[in-house]
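Enquirer: Pasting a predicted model and its sequence here:
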Amino acid sequence: MKGFFAGLLMLMLVPVANASYLVTDSYVLTIKKKCGEGHVTCDKALLVMKSKSSGNTLLMRGQTLHRMCADGITPCQFVGFRFQHAGVTYTVFEPGTLMITQANETLLEERGHWYR
């Protein structure tokens with residue numbers, strides 16, 4: 001767990017190589033996949049999400065999301081990322097949409113711009 005927090009601290013303090021940044025009207029998100037080259041799926045994604053209005057920051061672990069191939073087993077297309085914190089789900093879609101949901105209710109959905 002110590003390594004996890006050190007990694008999150010690094011994401012908060014300096015620009016990170018191989019990180020993706022999504023900027024929406026409300027948030028600045030930094031996403032880093034911690035899986036090796038060649039992995040199609042990754043359950044070691046890290047998210048630092050900073051509110052533009054309050055300045056509050058959430059730190060979360062998550063995984064990549066994929067559309068499955070016709071066989072229903074093989075991931076075919078990267079769709080985005082999913083993170084969870086305190087019963088709230090944060091989904092970041094590849095086109096740049098952030099969706100925040102809780103108990104099947106959409107709390108926020110907004111489009112942003114990627115910086116990689």
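Expert: It's in. Numbering: from 1, shown residues only.

Enquirer: now the farthest one out in this protein, which residue is it?
Expert: What lies farthest from the middle of the chain is residue 71; by CA atoms, centre = their mean that is 26.7 Å.

Enquirer: That one: what's it in contact with?
Expert: By CB atoms under 8 Å, 6 or more residues apart in numbering, the contact set of residue 71 is empty. Yep, even glycine has a C-beta here, placed from its N, CA and C like the rest.

Enquirer: helix, strand or coil for it?
Expert: What DSSP: H, G, I helix; E, B strand; the rest coil gives for residue 71 is coil.

Enquirer: Going along the chain from the helix or strand of the chain with the lowest mean pLDDT, find the next helix or strand for me.
Expert: Across the helices and strands of the chain, mean pLDDT, DSSP states H and E gives its lowest value to helix 2-13, namely a mean of 46. Once the chain leaves helix 2-13, the next helix or strand it forms, by DSSP states H and E, is strand 19-23.

Enquirer: Need the contact partners of the following helix or strand past that following strand.
Expert: Remark: after strand 19-23, the chain's next helix or strand is strand 27-33, criterion DSSP H and E. Residues outside strand 27-33 that contact it (CB under 8 Å, 6+ apart): 7, 11-12, 16, 18-23, 42, 44-52, 64, 81, 92, 98, 112.
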